[in-house]
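> no sequence on this one, just coordinates:
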């Protein structure tokens, strides 16, 4: 391996370690605790090294994590679409995959949607959500009576799943829903029923 290749590999390793450190700090202490200085301390580099990789500072770092999160979510959703033949079951499985993604990567999900004290000044969040959720949008297209309704129905679906995730993260689940201490299977069943009701309502309104 030549000098140039080693340098490229080293730079990538440092960049990845910066992103991982930010996520680790957020997981342990929350996103408000994440700073360039603290990240530098975690990876045992000086702050200028962080700025070499992220010249715009913390904002650019968060934007990168947001992009990475949406790309990972897109792959999870696309994989979930192929776990069933019927469209309705596909949408249920996509919704569950979305939810499980938030459980596995809560710190990324918080960055993606500005939760738990984090703020990413991004104008592309909606576009990234549509790209990641395209399989869901394709399914909903066949459930709506008019293409004009599609975008609204897509965001209705997202609001159901995102809302459940948000109140779960905030530990503010309403009466009758699974509590934080309850097992994962019960929460999954709760979300599954919510999506099934959503599908029924969409089909009813669309006359299908």
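Nice, I can see it. This one's a predicted model, so the numbers in the text were calculated from it and none came from an experiment.
> show me this structure divided up by domain.
What automatic domain parsing lists as the domains of the chain is 1-55, 63-206.
> pick the most deeply packed of those.
domain 63-206 (a mean of 16; mean count of other C-beta atoms under 10 Å). Backbone N, C-alpha and C define where each C-beta goes, glycine included.
> hmm, back to that, can you add mean pLDDT and give the domains of the chain back as JSON lines?
Listed next are those as JSON lines, based on pLDDT from 0 to 100:
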{"stretch": "domain 1-55", "mean pLDDT": "90"}
{"stretch": "domain 63-206", "mean pLDDT": "88"}
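> for the residue nearest to the spatial centre of the chain, helix, strand, or coil?
By C-alpha atoms, centre = their mean, the chain has its centre lying nearest to residue 109, at 4.0 Å. Following DSSP: H, G, I helix; E, B strand; the rest coil, residue 109 is assigned to helix.
> now for the closest residue in space to it that isn't next to it in sequence: which residues touch it?
With sequence-adjacent residues excluded and distances taken as C-beta to C-beta, 6 or more residues apart in numbering, residue 109 is closest to residue 102, at 4.4 Å. Listed by C-beta atoms under 8 Å, 6 or more residues apart in numbering, the contact partners of residue 102 are 109, 165, 169.
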